[in-house]
Structures are given as C-alpha cells and as structure tokens.
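**Student:** Just need the structure, nothing else, for what follows:
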Amino acid sequence: MAEVQTMPAVEVPEPDLSMEVQDQLRRSLTDNEVRFFAALDEEQETPVLETASSRAFAGYAVGEAVRMLKKFNPEATKDVISDSIHSMIHSEALVGHLAKRSQEALREYVPRDRAAWLAHDIEGHAAALSQRLALLRASFVRTACLARVKGLELATDRGTHVVMLSAGSGAVVLGCTGGVVGTCGGATAGTVAGAVPALLTFGLSLPAGAVLGGGVGGCLGAAAGALSGLVSGGASGGVAYRYRAEISDGAAHVKVKALRAKEIAVEKAQELQTEAKVLAGSAKAHAGGTVNSVSHATSEAAERAKVFGHVAATSAHSKASELGTNAKALALNPAAQATSAGAAGGSVTVGAAGGGLGLLAGGAAGAAVGLVPALFTFGLSIPVCAAIGGGAGACLGTAAGGTTGFVGGGAVGYGAYNAYSQRKEISLGASEALTKLGGMAESVKEGAKERANMSASFIKARLSGTGGTQ
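**Tutor:** Take a look at the predicted model:
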C-alpha cells in the first residue's frame, strides 16, 4: 500500500470544451447531485444507503454527460468522448463545485488511470460497471430472498416454536429462582463482609453490605439462572420435539401394556368373583342357624345395653349434681376463703418484694455488663444496660416472688384456719393419745411380766427334767 501511495499520479489534461458545453455539464451535475442526495440528507444517513446513492449518481451523471457531448458533437468518436469525460471528471473547474462525496463517487466510477477501466472507451466501461452492479444486485437479491425463505421457514417451523417456548420458560423460571437465591446469598455475604468495619462505621456497614451484596447477587443469580434455563430449556424442548415420534410410540406401547394388564386384572377379578359367589352360597347355607342365634343374642345385648345406658345416665346426673353441690360448698367453705385470701396476700407481698430485689439486682448486673463496651459507646451503654437489666430483673423477681407468695400464702392460710377451727378436736385428740399411750404402756408392761414368768417356768422345767435324767 505504501508503494502504491508513493507512485506519481497520472496527469489528466484539462477538457477541450466550449464554455457553453462546460456550463451545461456543470448544471447537469448539480441537478443530478440534488436529485440523488437531497432525500439522503433529509433522512438519517446510513453507510449502505449512502454508497448506493453515490454509485447511482456517478453512473447517471456520466451517462448524461456522454449524451450531452454526443448532442453537441454528433461526429465525435468514442475515443474523443472518453478523453473528454476523463478530463471532465478529474477537472476541478467542472466538478469542484460539487460535494466531496459526489467528487469521490465520480472519480471512483471513472478512475484516473485509464488502465483501471473495464473497457477501452467510456461507454464500454460504463456498460461493464452496470453489468457488474447488476450481478452484485442480483446476488444481493438472491441472498436476501434466501434469508427471507430461511426466516419464514424458521418462523413457521413448529420445532423452532417449541425450542423458543421451552427456552423462554426455562429462562424465566430459572432466572427468577437464581435471582432469589443470588439475592439471599449476596445479602448474607454482604452482611458478613460489613461486619468487619462495623465498629468503625457504628454498624452502618451491615445494612449497606447487605443491600449491595443482595443487589449484586440478585443480578448475577438472575443472569446465570436465565442463561442456564435458556440453554437447558431450549435443549430439552428441541430433543423432545426431535424425538416426538419415538416418545409417542413409547407412550402408545406403555398404554397398550397397561390396557392388557387391565384386561388380565378384570379376568382375574371375574374368576375371583365367581369363586366368591360359590363360597358365599355355601357359607350362607351353613350360617342360616348361626344368624338366628346371633340375632337373639344381639337383641338381648341391646336390651342390656339400654339398661346399662339408663343406669349410667342416672349415675352421671347424680355425679354432676354432687360435683355442683361440692363446688358450691367449697366456695362457701371458710377454709377455702382463708386459703384464697392467704394466697392473694402472699402473692402481692412476696411478688412486690421480689420485684424490688430483681430491679436492684438486674440494674446492677446490667450496669456491670455495660462497662465492657463503655469505651466505644462513650458511657451510654452503662445506663442503657442498667435499664434493660433492671426491667428484666423486675419482671423475673415479680414472677418468682408472686408464685412463691401464692403457694406459701395459700398453705399458711389453710393451715392457720384448720388449726383455729379444730382447736377443740386437737385438744381432745391429744388427751386421747396420752390415754392410749398410758394403756399401751400398761399392757406392754403386763405382757413383759407374763412373758418373763413363762420364760422362768420354762427354764426351771428344763433344769428339772435334766436333773432327773442324770
């Protein structure tokens, strides 16, 4: 390319034309330029449209110039017309008023070097260019037609529809799933990453990291899921459509086998039904007497159940009346009232004391806990932790004290009332116990004496019997 650029340009002489002809050629070139490029300037320029317009302008302008030269000089030869066109195209005096793109189009159509022409004269060169452009146009039209046919085939192909629907469905489903998973994972990772500078950012890095990580993870997860769903859904849809005949045959084969198995099962069921009818007839004949005896037994059992039901209903009504009476008596019982009063008083008293102690202990413990981060919170953690600990301690102390006071107060009230109401019985019981203990002591004493006398008599008898034998 460097050697071609450094080669000396071919000198083109100025055209030997009259002023009238030159004026006519200028006007013709200007009119053609406006004709071919006016609409192009109004529309949005595109490289393909501009190239096509430039070639059309150059070919039409050269053709008009050839016809004009033949009109002014009908006896001019092809070589003279070719030299005039060549000089005119590469003359600044005739084409310098045109736009740069128009000049480039004309000089590309009629090269400066005559050796680059497709024919010896300008008309043959233009015809060869027109033929070449026609071939290119035909090739382009053929390619466009083939592309259109292929596009129509793809647009009307059911396999393409199936693949596109499968790919779209897979992309949507897996894209949504991947987006959700990516958002959760990204938010978790962002929160973990934001925990590192949390002390320096006063905890603001935790939500910021979660939001940033969730956004990035959601985008990446949605993209990965959509891509995976697009590929896998399209592939599965294409395979299913490609082998739809085999799949249909397999389904039909399975259906035939299922129908055959159903027929066999029906035949077996009919055989079993026939056998069951035979067995049922024989069993019915043998069970005639049994049914009668069972019927009598059932009637008797029904009568017994009716009697038992009436007895049970009467007993339940008696029990319910007794429970109502006992509940009313319990409510009017002074012992129950004393127990309830003692339990309420103990719950209030001990609960208040426990709440106070819990408040003091919880506040002290919370303040001690708040001393640890006090350097980072500028001492604010001490009152905050003390308030939290005091509240928790008050709740726990009140609950524990109330429960303890309720149980203990109820027990004390019940015991005090029983002791007060049965003071005479307690005194009589103590006297009777002392009397019984005295009697038991006398009886034990008499029994011991009697057993001692019997033992002495037995020993004497043994000793006497032994001496006689010796």
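
**Student:** What helix or strand is A364 located in?
**Tutor:** In the assignment (DSSP states H and E), A364 maps to helix 334-370.

**Student:** what comes up buried for that helix?
**Tutor:** Residues of helix 334-370 classed as buried: 335-336, 338-339, 342-343, 345-347, 350-351, 354-355, 357-359, 361-363, 365-367, 370 (neighbour count, 16 or more other Cβ atoms under 10 Å). Where you see a C-beta, it was placed from the backbone N, CA and C, and this is true even at glycine.

**Student:** ditto for stretch 320-328
**Tutor:** By neighbour count on 16+ other Cβ under 10 Å, the buried set for stretch 320-328 is empty.

**Student:** what's the offset of it from the middle of its chain?
**Tutor:** On the basis of Cα atoms, centre = their mean, to the nearest Å, stretch 320-328 sits 60 Å off its chain's mean C-alpha point.

**Student:** Please export the C-alpha coordinates of that stretch as PDB.
**Tutor:** Written as PDB, here are the backbone C-alpha positions of stretch 320-328 (Å, rounded to 0.1, in the frame of the first residue of the first chain):
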ATOM      1  CA  ALA A 320     -72.900 -33.900  88.200                       C
ATOM      2  CA  SER A 321     -75.300 -32.800  90.900                       C
ATOM      3  CA  GLU A 322     -72.900 -33.900  93.600                       C
ATOM      4  CA  LEU A 323     -70.000 -32.100  92.000                       C
ATOM      5  CA  GLY A 324     -72.100 -28.900  91.700                       C
ATOM      6  CA  THR A 325     -73.100 -29.200  95.400                       C
ATOM      7  CA  ASN A 326     -69.400 -29.800  96.400                       C
ATOM      8  CA  ALA A 327     -68.200 -26.800  94.300                       C
ATOM      9  CA  LYS A 328     -70.800 -24.500  95.900                       C
END
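
**Student:** And the average pLDDT for that stretch is what?
**Tutor:** What stretch 320-328 shows for mean pLDDT is 71.

**Student:** now do stretch 216-228
**Tutor:** Confidence over stretch 216-228, taken as the mean pLDDT, stands at 89.

**Student:** cool, and stretch 277-293?
**Tutor:** 71.

**Student:** related to what we said a few turns ago, what does the next helix or strand after the helix holding A364 rub up against?
**Tutor:** Downstream of helix 334-370, the next assigned helix or strand under DSSP H and E is helix 374-377. Helix 374-377 has contacts (Cβ atoms under 8 Å, 6 or more residues apart in numbering) with 199, 381-382.

**Student:** TSV for the residues you listed, including secondary structure and pLDDT?
**Tutor:** Putting the contacts of helix 374-377 into TSV (DSSP: H, G, I helix; E, B strand; the rest coil; pLDDT from 0 to 100) gives the following:
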residue	secondary structure	pLDDT
L199	coil	81
S381	helix	77
I382	helix	82
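
**Student:** now those as TSV including neighbour count and distance to L323?
**Tutor:** What follows is those, written out as TSV (neighbours: other Cβ atoms under 10 Å; distance: Cβ to Cβ, whole Å):
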residue	neighbour count	distance to L323
L199	11	67
S381	19	59
I382	18	59
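
**Student:** Please produce JSON lines containing those residues, extended by distance to T191.
**Tutor:** Shown next, in JSON lines, are the contacts of helix 374-377 (distance: Cβ to Cβ, whole Å):
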{"residue": "L199", "distance to T191": "15"}
{"residue": "S381", "distance to T191": "23"}
{"residue": "I382", "distance to T191": "28"}
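
**Student:** follow-up on the earlier one: what helices and strands are in contact with the helix holding A364?
**Tutor:** Applying 3 or more Cβ pairs under 8 Å, 6 or more residues apart in numbering; DSSP states H and E, one finds that helix 334-370 contacts helix 381-421.

**Student:** so what does the helix it packs on touch, helix or strand wise?
**Tutor:** Counting by 3+ Cβ pairs under 8 Å, 6+ apart, helix 381-421 packs on helix 334-370.

**Student:** mind checking how far the helix it packs on is from the chain centre?
**Tutor:** Using Cα atoms, centre = their mean, the offset of helix 334-370 from its chain centre is 50 Å.

**Student:** for stretch 400-407, same thing?
**Tutor:** That offset, for stretch 400-407, works out to 50 Å (Cα atoms, centre = their mean).

**Student:** do stretch 257-277 as well
**Tutor:** So, by Cα atoms, centre = their mean, the centroid of stretch 257-277 is 48 Å from its chain's centroid.

**Student:** Name the residues of it that are buried.
**Tutor:** Buried-residue list, stretch 257-277, by 16+ other Cβ under 10 Å: empty.

**Student:** how much space between the closest residue to G221 other than its chain neighbours and L200?
**Tutor:** Among residues not flanking G221 along the chain, G182 sits closest, at 2.0 Å (Cβ to Cβ, 6 or more residues apart in numbering). G182 is 28 Å from L200, where distance means Cβ to Cβ, to the nearest Å.

**Student:** Settle it for me: which of these two has more neighbours?
**Tutor:** G182 (23 against 9; other Cβ atoms under 10 Å).

**Student:** how about the more buried one, what does it touch?
**Tutor:** 217-222, 224-225.

**Student:** Which strand or helix spans it?
**Tutor:** helix 158-194.

**Student:** got it, and A224?
**Tutor:** helix 205-242.

**Student:** Quick one: residues contacting the nearest residue to T404 once chain neighbours are set aside.
**Tutor:** Setting aside the residues directly before and after it, T404 is nearest to V350 in space (Cβ to Cβ, 6+ apart), at 5.4 Å. V350 is in contact with 401-402, 404-405, 408-409, counting by Cβ under 8 Å, 6+ apart.

**Student:** any chance of these in JSON lines, with pLDDT, neighbour count and distance to D31 too?
**Tutor:** Putting the contacts of V350 into JSON lines (pLDDT from 0 to 100; neighbours: other Cβ atoms under 10 Å; distance: Cβ to Cβ, whole Å) gives the following:
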{"residue": "G401", "pLDDT": "83", "neighbour count": "23", "distance to D31": "112"}
{"residue": "G402", "pLDDT": "80", "neighbour count": "19", "distance to D31": "110"}
{"residue": "T404", "pLDDT": "87", "neighbour count": "16", "distance to D31": "115"}
{"residue": "G405", "pLDDT": "80", "neighbour count": "24", "distance to D31": "116"}
{"residue": "G408", "pLDDT": "84", "neighbour count": "16", "distance to D31": "120"}
{"residue": "G409", "pLDDT": "79", "neighbour count": "22", "distance to D31": "120"}
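
**Student:** between these, which is nearest L174?
**Tutor:** G402 (58.2 Å; Cβ to Cβ).

**Student:** That closest one: what's it in contact with?
**Tutor:** 347-348, 350-351, 354.

**Student:** V162 contacts Y241, correct?
**Tutor:** Yes: with contact defined as Cβ atoms under 8 Å, V162 reaches Y241; the gap is 4.4 Å.

**Student:** The host helix or strand of K449 - contacts with which helices or strands?
**Tutor:** Assessed by DSSP H and E, K449 sits inside helix 423-469. If you count contacts as 3+ Cβ pairs under 8 Å, 6+ apart, helix 423-469 packs onto no helix or strand.

**Student:** Average pLDDT for it, rounded please.
**Tutor:** Averaged across helix 423-469, the pLDDT comes to 70.

**Student:** Please apply the same query to stretch 70-79.
**Tutor:** Mean pLDDT, computed over stretch 70-79, is 85.
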